[in-house]
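Participant: starting from these lines, generate the structure:
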Amino acid sequence: MEPFYIVIVCILLKHIDAKNILQKFVKEPENIIVKEGDNVILDCSVNNKVGVLQWTKDGFGLGTSRSLSGYERYRMVGEEGKTWNLEITNITLEDDAKYQCQVGATDTVAPIRSNYATIKVLALPEPPVLTVGQMMVLEDGKIAMIQCISKGGNPASMIKWSLNGQLVTSGIAEKVTKMKDTRRMITVSTLTFPVTVNLAGSELVCEASNEVHDAPKSVKTVIEVEYKPRVTLSVDTEEVFEGDTIRLSCLAEANPNLIEYQWNIGGEEVREAQGARELVIEVTKDMNDKKITCLARNIFGQTSADYTLNVVYSPSFVNAPTDVTGNSGDRIILQCQVDSNPKAEYVWLKNGDIFEMVGKGPLLSFTLSALTAGSYTCQAAVSGFSPIMRDAKVQMRGPPVILGRNGAQFGSVGETVHIHCETESIPTAHKFFWSFNGNELTGDSQMFTIIETRDGSRVKSTVIIKDAKKHHFGEYLCGVQNEIGQTETVIKLREIESLPLLIIMSAAISGLLLTIVVIVIVVTCRNVAKKQSDISNWPKAPNQVYRYSESSSEDQSQSNVTSSLTVEDVDESLDSLPVNYSAFIKSENLPEFKDTFHQPQPDIVTSQNTVFVRDNFRKSNNYVVFNHYSSEQDLLECNNYSNPYVQSTSPIANSSVSSCSRNISPFYSNIPSRNDPRYTSGRDNAVIKYLEGEVSADELDAIKLGTHV
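Facilitator: The predicted structure follows:
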């Protein structure tokens, strides 16, 4: 009995202990992120493990043995009875799942399960690829589309676009999908953009990256843009004048650069310039405002550039003002139009008077009257050119108007005399009539001839008198008549006495001689004024003694210099004397004149070779006497250093003057000596002798001097 009770007691104790034992995880697996190809260990440690332990993958059991047969890269590792860690080697995307460590139940122990542990496997994507090659050829003006594909990554790749280093943020569409039969992802990014020429040569880059690797992988392409020609047109001159030869250059840029050229002027093709890049033309004014077009084309199309000719040319009349005839009160419109570039400015002048401007612009309008009738000039002016003018006569219908009426006309006895009577009117005069002293003149008279001449609205009637007599001079009545009325005027014919031929010739010769004399005087005055400036510098002779009369100027510095302009010519002085010298001498004016020359002066030094010697200055016929020396030695011996060529008075030295041998200056050879015939006879000799006291007044009057004109 006792062994039986013992067994029962043991069974009861064991049953009590079994109920008190609990299975418990000491360490549970955790989420983990790994790269493809790495090794992974998921933790699982259990105390009081009673039940069966296994790992599950996405809820599917992997097995209970540590070797996990059937899974070459899976196994449980760790201390026996305590640790059942799951080891996965060379992990792949297939291992990306949720894992759990489970311990089964027994009759007496409940099962336990660990937390889910997720293994996230990261996979590098393949290098991105573009749907174009290294060169992306596009056409200008189109919309371009390009795709960048990144596949095989986990998670999916992120794609970025950049153009010439600048991030592109617009025109992008992205799509991410899972690759078939795999956990790998594929990303497709599509970029669309408008193609412009300025994109040519640009670099377009696609970058793909995910969490596996920090450095993104990229692929690039270069954009090449094909476009039709881009044309610019240039001219070799800024301003174009009529008659100029200009050169136009057509510059075209295109891709491909196979370009064909064409030139048009005014819409018409210049066939001679086909295919040429330059066009040379001679400009005419007809080309003004015409458009010159250069067309350039390639396989993608054609473009053109235009140049509008602005030809500068001189004005020419297109519509010139014309003569107008009207009645009083009519409205007159004058039109003036010229063709020019730039546009002309119009000015209207009346009767050609530039100070009587009556209007501006191409039209002139006014009311016709006696004041407004006349000649009107349209002047068109263009900058850079001479103005052009055109006249128009505006005439008012009415009776004739005699031109130059109430004027005198002249003629001479014995000559053929013309008497003119000119009239202007609308309608023109059709009849003239003349009368003289109340008698009508007719054209069939033997003494008178009447002729008429016509010039437009002007008619001139001329009376011709052959061998005019005294009684032909007087007042003539000229009458003129037209369809509207009649006008008369009186024309005075006056006699002009003919001058004798001798008087006319004498007057002409006198005028010529007077002109020559004036010229000689002017030239002489200029020469004297020029030479006077050197007189004060002329050296004085050391042994000369100067004496001055009491009547000389108080300023003695000027007493030894006398300008030839202050000395009157003796001949002219004598010419002014009356013919009757005795009467002249007896006049009240003579004593003062005679005393000036005849009364002895204590300071006068007389000389045999002079006419007058006064104030120590030698004078002959009021000319200053200049010494002329035959040699330098002669000049030194005379000790007289006054300049022989300066026209000034020369002081007379008291010593050694008479002993010097000198000649009369060749420049003043008209100085006479006392033996000159003029001193032995004639008017000059008589007057001089009288003034010097050698003859009396009666003797002077007895001398026959002739008539002075």
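
Participant: what does stretch 340-357 contact?
Facilitator: Residues from elsewhere that reach stretch 340-357, judged by CB atoms under 8 Å, 6 or more residues apart in numbering: 285, 288, 310-316, 334, 336, 338, 358-362, 364, 374-383, 385, 391. Bear in mind the C-beta positions are built from the backbone N, C-alpha and C, glycine included.

Participant: what's the spacing between the closest residue to Asp330 other than its chain neighbours and Glu356?
Facilitator: Spatial nearest neighbour of Asp330, excluding adjacent residues (CB to CB, 6 or more residues apart in numbering): Leu368 at 4.5 Å. From Leu368 over to Glu356 the distance is 17 Å, taken as CB to CB, to the nearest Å.

Participant: quick one, which of those two is more surrounded?
Facilitator: Higher neighbour count among Leu368 and Glu356: Leu368, with 20 against 12, using other CB atoms under 10 Å.

Participant: rewinding a little: where does the residue nearest to Asp330 land on pLDDT?
Facilitator: pLDDT, the model's per-residue confidence, is 93 for Leu368.

Participant: over to Glu637?
Facilitator: So Glu637 comes in at 49 (pLDDT).

Participant: and what of Ala200?
Facilitator: Ala200 is given a pLDDT of 92.

Participant: count of neighbours near it?
Facilitator: 16.

Participant: where does pLDDT dip in the protein?
Facilitator: 1-20, 498-502, 531-709 (pLDDT under 70).

Participant: just the helices from it, written as ranges.
Facilitator: 2-20, 501-532, 570-575, 581-586, 590-598, 632-638, 677-680, 682-691, 697-702 (DSSP state H).

Participant: which one is Ala215 nearest to, not counting chain neighbours?
Facilitator: Nearest one to Ala215, counting by CB to CB, 6+ apart, is Ser209 at 7.6 Å.

Participant: so the one you found makes contact with Ala156?
Facilitator: No: between Ser209 and Ala156 there is no contact under CB atoms under 8 Å: 10.8 Å.

Participant: now do the contacts for the residue nearest to Ala215.
Facilitator: Counted by CB under 8 Å, 6+ apart, Ser209 has contacts Ser157, Met158, Ala215, Pro216, Lys217.

Participant: ok, the last one to Thr416 distance?
Facilitator: Using CB to CB, one obtains 125 Å as the distance from Lys217 to Thr416.

Participant: swap in the fourth one?
Facilitator: Taking CB to CB as the measure, Pro216 falls 124 Å from Thr416.

Participant: of the two, who's got more company?
Facilitator: Ranked by neighbour count (other CB under 10 Å), Pro216 and Thr416 place Pro216 first, with 17 against 12.

Participant: isn't that one right next to Cys206, touching?
Facilitator: No: with contact defined as CB under 8 Å, Pro216 does not count as touching Cys206 (9.6 Å).

Participant: mutual contacts of those two, please.
Facilitator: Lys160.

Participant: neighbours of Thr108, how many?
Facilitator: What Thr108 shows, counting by other CB under 10 Å, is a neighbour count of 13.

Participant: what does Glu475 give?
Facilitator: As a measure of burial, Glu475 has 12 neighbours, counting by other CB under 10 Å.

Participant: equivalent analysis for Thr449, please.
Facilitator: 16.

Participant: likewise Ile521?
Facilitator: Neighbours of Ile521 (other CB under 10 Å): 11.

Participant: same question for Pro111.
Facilitator: Pro111: 13 neighbours (other CB under 10 Å).

Participant: likewise for Ile112?
Facilitator: Other residues near Ile112 come to 20 when the count uses other CB under 10 Å.

Participant: so what sits opposite it in the bridge?
Facilitator: Val103 (DSSP bridges).

Participant: can you name the residues bridging to the residue lying closest to Ala200 once chain neighbours are set aside?
Facilitator: Once flanking residues are discounted, Ala200 sits nearest to Val225: 4.1 Å by CB to CB, 6+ apart. On the basis of DSSP bridges, Val225 is bridged to Leu138.

Participant: contacts only, for Val225.
Facilitator: Leu138, Glu139, Asp140, Val195, Thr196, Val197, Leu199, Ala200, Asn255.

Participant: my read: the second one touches Phe300, true?
Facilitator: The reference is to Glu139. Yes: Glu139 lies in contact with Phe300 (CB under 8 Å); the separation is 6.5 Å.

Participant: hey, what's in contact with both of those two?
Facilitator: Glu226, Tyr227.

Participant: now the closest residue in space to Arg184 that isn't next to it in sequence: how far from Thr177?
Facilitator: In space, Arg184 comes closest to Gly152 once its chain neighbours are excluded; the distance is 4.8 Å by CB to CB, 6+ apart. Counting by CB to CB, the gap between Gly152 and Thr177 amounts to 12 Å.

Participant: what about the two, which has more around it?
Facilitator: A direct count of neighbours by other CB under 10 Å for Gly152 and Thr177 places Gly152 higher, at 17 against 11.

Participant: thought that one was touching Pro128?
Facilitator: No: taking contacts as CB under 8 Å, Gly152 lies outside contact range of Pro128: 10.6 Å.

Participant: how much space between Ala429 and Gln23?
Facilitator: Taking CB to CB, one finds Ala429 at 157 Å from Gln23.

Participant: neighbour count winner among these two?
Facilitator: Higher neighbour count among Ala429 and Gln23: Ala429, with 28 against 19, using other CB under 10 Å.

Participant: go ahead and confirm that one touches Cys478.
Facilitator: No: if you go by CB under 8 Å, Ala429 and Cys478 don't touch, sitting 10.9 Å apart.

Participant: and the residue nearest to Lys24 when sequence neighbours are not counted, what is it in contact with?
Facilitator: Take Lys24 and drop its neighbours on the chain: the residue closest to it by CB to CB, 6+ apart is Asn47, 4.9 Å away. Asn47 makes contacts with Gln23, Lys24, Val26, Lys82, as judged by CB under 8 Å, 6+ apart.

Participant: counting neighbours, what do you get for Cys294?
Facilitator: Using other CB under 10 Å, Cys294 has 28 other residues around it.

Participant: try the one 3 residues further on
Facilitator: Using other CB under 10 Å, Arg297 has 19 neighbouring residues.

Participant: distance of it from Arg277?
Facilitator: From Arg297 to Arg277 the distance is 13 Å (CB to CB).

Participant: and Val222, by the same measure?
Facilitator: Taken as CB to CB, the span from Val222 to Arg277 is 30 Å.

Participant: ok, Glu260 next?
Facilitator: Counting by CB to CB, the gap from Glu260 to Arg277 is 11 Å.

Participant: who's in contact with Ser114?
Facilitator: Phe25, Glu28, Pro29, Cys44, Gln100, Cys101, Gln102.

Participant: now, which of those lie within strands?
Facilitator: Among these, the members falling in strands (DSSP state E) are Phe25, Gln100, Cys101, Gln102.
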